[in-house]
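Peer 1: predicted coordinates and the sequence they were generated for:
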Amino acid sequence: MKVAFFEFVTHYGGASRSVVEFATRLKQHVGVAIVDPYGCCDAFAAAARQAGLDYHVLCPEAGPAVRQIGGQGRPLQRAWRLLRSLPNLVTVHRRAERLLKELEVDVVSSNNFKGAFIVGTIRALRHVPTVVHLRGWYTPDMMPWYGKWLCRRRCAAVFAVSHATRTAVICAGVDPTKVHVLHNPIDVDETVQMARRPLDAPLPQSDRPVRIIVPASLIRTKGQHTAVKAMRRILDAGHDAVLYLPGDPIGHQSYVTQTQALAERLGVADRVEWLGFRFDMPQLMNASTVVVLPSHTEGHPRAVLEAMALAKPVAATPVGGIVETLVPNLTGLFFDVEDDQGLAQCVNEFVASPERAREMGRMAQECMRKSFHPSQQIAKALKVFRQVTGLRANE
């Protein structure tokens, strides 16, 4: 069996990192190729090649104006960008057909609806099953019309990263027998070993006893502004703290600027460190005291899994697949979306009760070992791939 991952990647975040890890583990059992329409994310390309994956780029000449449509919530802007991108998408469609034929793939998996739509509309490949892997948290109204059509009519199977996502997909009218929960996995020993490596760059204010990190992309739905508001409360409670905000601001500079202005108004700018894009996220979390994720929406975030694997105290919002991972008051703490007071209270609890925080971390790490090992993900994925292709285990 040969599986092709058809992935539009513009930045190297949790989802794209998961694709590389998934493909790397899968290639121990079947043939694997990654098809990247634009190859514009150097970090993704480097990670794929470093892992020894068969990596292909369709349209390296494509400019930034056609690579990302975006415009979520702005229909006119989105329509204009789509029209501007159409000639290039036709080229992607044509080259994808040629390459996938040459690769003789048995199944194509895509991390998003855009990729699945391209592959799903190639008539010459109608005999090749398409699987869409939904790594975010969707509600039925969040799914685009073509996403619903793909899941209902064209995709042979749907991987949902959490039970919450699976429920949303079924509520959108997709046959429940096609939708399979495939949680993001975590290898605890591998993560711990990685976290022990030296940092890529020194952490500023690392001598502060309370070091808080939000390991997420710099976009509003990740809630960094809530963490900044909470910093004011944490400092007022008498804690000597610093807040680390890693991430690449490219494409989201307006949100970063607004959040920086908020920090200035609250008088905490000197305690908020913007770290820029970092490859060494496990090391950053390992060097932190508390990991927080104030997201508005999540699928099954790698950041929470990695923090729990490192036995770190974790506080997060109860959205999407987080509630399937973190058990409140047992393996971590919850606070509500946009609740800076609740976030601050969680941090204060961890700092005030270090023994309780360590015990939560220990139990979280044990949970990761038992329930989210990569072998469980691979076994389930292979079973689905073989079902949709009709191939046996030795093929």
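Peer 2: Happy to help now that I have it. Numbers count the residues shown, from 1 in each chain.
Peer 1: the stretch 101-250 of the chain: strands as residue ranges?
Peer 2: Assigned strands in the stretch 101-250 of the chain, in chain order: 107-110, 130-134, 157-160, 179-181, 210-213, 241-246 (criterion: DSSP state E, counting those that start in this stretch).
Peer 1: ok, now the stretch 251-395 of the chain?
Peer 2: Counting by DSSP E, counting those that start in this stretch, one finds strands in the stretch 251-395 of the chain at the ranges 272-276, 290-293, 314-316, 333-334.
Peer 1: among these, which is nearest Q341?
Peer 2: strand 314-316 (12.5 Å; Cβ to Cβ). (Each C-beta comes from the backbone N, C-alpha and C, glycine too.)
Peer 1: what does the closest one rub up against?
Peer 2: Residues from elsewhere that reach strand 314-316, judged by Cβ atoms under 8 Å, 6 or more residues apart in numbering: 290-295, 304, 307-308, 322, 326, 331-335, 343, 346-347, 350, 360, 364.
Peer 1: one more pass at 10 Å, please.
Peer 2: 212, 223, 230, 285, 290-295, 298, 301, 303-308, 322-323, 325-326, 328, 331-335, 342-347, 349-350, 357, 360-361, 364 (Cβ atoms under 10 Å, 6 or more residues apart in numbering).
Peer 1: please work out the average pLDDT along that strand.
Peer 2: Along strand 314-316, the predicted confidence averages to a pLDDT of 98.
Peer 1: could you do stretch 151-168 as well?
Peer 2: Confidence over stretch 151-168 (mean pLDDT, whole number) is 92.
Peer 1: still on that earlier bit, for the strands of the stretch 101-250 of the chain, give me TSV that also has mean neighbour count.
Peer 2: As requested, the strands of the stretch 101-250 of the chain are arranged in TSV below (neighbours: other Cβ atoms under 10 Å):
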stretch	mean neighbour count
strand 107-110	26
strand 130-134	25
strand 157-160	26
strand 179-181	19
strand 210-213	24
strand 241-246	24
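Peer 1: how about those in CSV, adding distance to G276?
Peer 2: CSV is the format used below for those (distance: least, Cβ to Cβ, whole Å):
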stretch, distance to G276
strand 107-110, 29
strand 130-134, 29
strand 157-160, 32
strand 179-181, 34
strand 210-213, 14
strand 241-246, 7
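Peer 1: quick one: closest of those strands to V57.
Peer 2: Each of the strands of the stretch 101-250 of the chain was checked against V57 via Cβ to Cβ, and the shortest separation belongs to strand 107-110, namely 15.9 Å.
Peer 1: who are the packing partners of the closest one?
Peer 2: For strand 107-110, the packing partners by 3 or more Cβ pairs under 10 Å, 6 or more residues apart in numbering; DSSP states H and E come out as strand 2-6, helix 14-26, strand 31-36, helix 113-120, strand 130-134, strand 157-160, helix 374-389.
Peer 1: same question for it, mean pLDDT?
Peer 2: Model confidence over strand 107-110 averages 95 on the pLDDT scale.
Peer 1: likewise for stretch 293-305?
Peer 2: When the per-residue pLDDT values of stretch 293-305 are averaged, the result is 94.
Peer 1: how far does that stretch sit from its chain's centre?
Peer 2: Mean C-alpha position of stretch 293-305 versus that of the full chain (Cα atoms, centre = their mean, to the nearest Å) differs by 8 Å.
Peer 1: tell me which helix or strand in this structure has the weakest average pLDDT.
Peer 2: helix 64-67 (a mean of 56; mean pLDDT, DSSP states H and E).
Peer 1: re the thing from before, weed out the non-buried ones from the contacts of strand 314-316.
Peer 2: Buried positions within those, assessed by neighbour count (16 or more other Cβ atoms under 10 Å), are 212, 223, 230, 285, 290-295, 298, 301, 303-308, 322-323, 325-326, 331-335, 342-347, 349-350, 357, 360-361, 364.
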